[in-house]
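Engineer: Take this sequence and fold it.
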Amino acid sequence: MVATAALLLVMFSCSREQDVPVHRIERQDFVHKVTADGLLQAGRTTKLSVPIEVVATVRLAWLMPEGIRVESGDVVARFDAKSMQEKLADAQVDRSQSDRRIEQTQVEKGQRVDELHTDANIADLELVHARDYQKTDALVFSRRELMEDAIDEQLAAATKSHAEANAVTEQDLAATELALLEIQKRQAVNEIDEAEQGLAALEVQAPHAGLLTYVRNWRGEPPSVGSEMFRGQPLAEIPDLDSLEAEVYVLEADAGGLAAGQTVDVVVEARPDRVLKGVVERVDPVAQPRFRGSPVQYFGVVVQFQAPEDENDDDLRGIVSSMKPGQRVRATIYLDHAEDVLVVPRQAVHQVDGESRVWKRSGGGFESVAVEVAATGLGKVVIASGLAEGDEVALRPPGDPSRPDPSSETAQPSQLAAGG
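Structural biologist: Here you go, the predicted model:
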């Protein structure tokens, strides 16, 4: 009875090992890739604003329709000239008034200075006369006459000095008033220049070719004809279509090994039949949710397009020329690639005490063998050492999967982090 039971146990054990699915190892090319979706965006964007040459506020008179392609020099917006024309007219009046005040001041002050010079000349003649005919002989003239002539001489001298001082003061005052009037005139001239520059800047032109989009306000509304805008206020953006790039989002779990320089295949949703070549330009350093309130996190990846290999491919060049910011794209990013390597299914590799091991067929059963993992991908693992071409490995541990033998070196399939 004991021998019969042992024989049945051996037969049952052999039948269980024969039921284990196996995989025969062959050399093949290994490709680890992930897919991601996103949008086209411009790498360079020119911002247009209300010209700072205009007055504090200005009214929009005309706008080019949004979303069309513009060329360099095209007028995209035009503002109402009424306020600038009023400013120009007021400044021209101020300049004319300043010219008249300057002319009037020059005439009046010139006359006043001439009068003071005349007074000084008369006082000088009186002083000469007083000195020439002054009574000085005390034997001939009385003391009173001598004193009166001396006083007359002193008065003539003082009158001359006062007239000359007044002439100098009047000249200084005239120069000061003229300087103030010149300042007022220059202010008027500056206002005229600003108004003329503002009139010349009432048309906003596109600095280069691109797709015209208008800047929204806090309510999400674009500028409209008739709205008041202030100087320097953002008006529009013109993406440079020659700098188009793709921004796609890779799940955090799939982003292992993601790095700049990796090759990418990009398909524009509008033309799914053609593939554009690109390369990863940069990867966000931190994963973030794409949508508010979502716990799923993604790494943002910017893909730079490469020039088509065939310059005569008119269809591909047509796709590139028709691409616009905001179009949806689908990208395939190649994280790793190896040729002629040993590849096994991921479920065949297990972790035992921190060591990667597989169950290799040996004779009529399986033995646990340590292996070195070189790379991992979605469902595949590259083996660097421990196995050879033609070996067969178990896709699950031998024995009853629901009741594993605790004495065996089996474990659950490893959660290999690399590759997600």
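
Engineer: Now do the residue nearest to G379 when sequence neighbours are not counted: how many residues are near it, please.
Structural biologist: Distances taken as CB to CB, 6 or more residues apart in numbering place R346 nearest to G379, at 5.3 Å, with adjacent residues excluded. (C-beta placed from N, C-alpha, C; glycine too.) Using other CB atoms under 10 Å, R346 has 19 neighbouring residues.

Engineer: next one: A120
Structural biologist: Using other CB under 10 Å as the criterion, A120 is surrounded by 18 other residues.

Engineer: before we move on, back to that, and the residue nearest to G379, how far is that from L48?
Structural biologist: 53 Å (CB to CB, to the nearest Å).

Engineer: Any stretches of the stretch 51-200 of the chain with poor pLDDT?
Structural biologist: 126-127, 129-143, 145-146, 148-149, 153 (pLDDT under 70).

Engineer: just the helices in it please.
Structural biologist: 82-132, 143-200 (DSSP state H, counting those that start in this stretch).

Engineer: chain center to the shortest one, what's the gap?
Structural biologist: Taking CA atoms, centre = their mean, to the nearest Å, one finds the center of helix 82-132 at 58 Å from the center of the full chain.

Engineer: could you dump stretch 259-266 to CSV, C-alpha only?
Structural biologist: C-alpha atoms of stretch 259-266 as CSV (Å, rounded to 0.1, in the frame of the first residue of the first chain):
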residue,chain,number,x,y,z
ALA,A,259,15.1,60.7,-21.5
ALA,A,260,16.0,63.4,-24.0
GLY,A,261,17.4,62.2,-27.3
GLN,A,262,15.2,59.2,-27.8
THR,A,263,13.5,58.7,-31.2
VAL,A,264,9.8,59.3,-31.6
ASP,A,265,7.2,58.5,-34.2
VAL,A,266,4.4,61.1,-34.3
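
Engineer: tell me which residues in that stretch are buried?
Structural biologist: 262-266 (16 or more other CB atoms under 10 Å).

Engineer: Turn those into a markdown table, including distance to D336 and secondary structure.
Structural biologist: Converted to a markdown table, the buried residues of stretch 259-266 look like this (distance: CB to CB, whole Å; DSSP: H, G, I helix; E, B strand; the rest coil):
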| residue | distance to D336 | secondary structure |
| --- | --- | --- |
| Q262 | 9 | coil |
| T263 | 11 | strand |
| V264 | 14 | strand |
| D265 | 15 | strand |
| V266 | 19 | strand |
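
Engineer: Between these, which sits nearest H117?
Structural biologist: For the buried residues of stretch 259-266, the minimum distance to H117 (CB to CB) is 90.3 Å, reached by V266.

Engineer: Next up, the contacts around the closest one.
Structural biologist: With contact set as CB atoms under 8 Å, 6 or more residues apart in numbering, V266 has these partners: 246, 275-278, 303, 305, 329-332.
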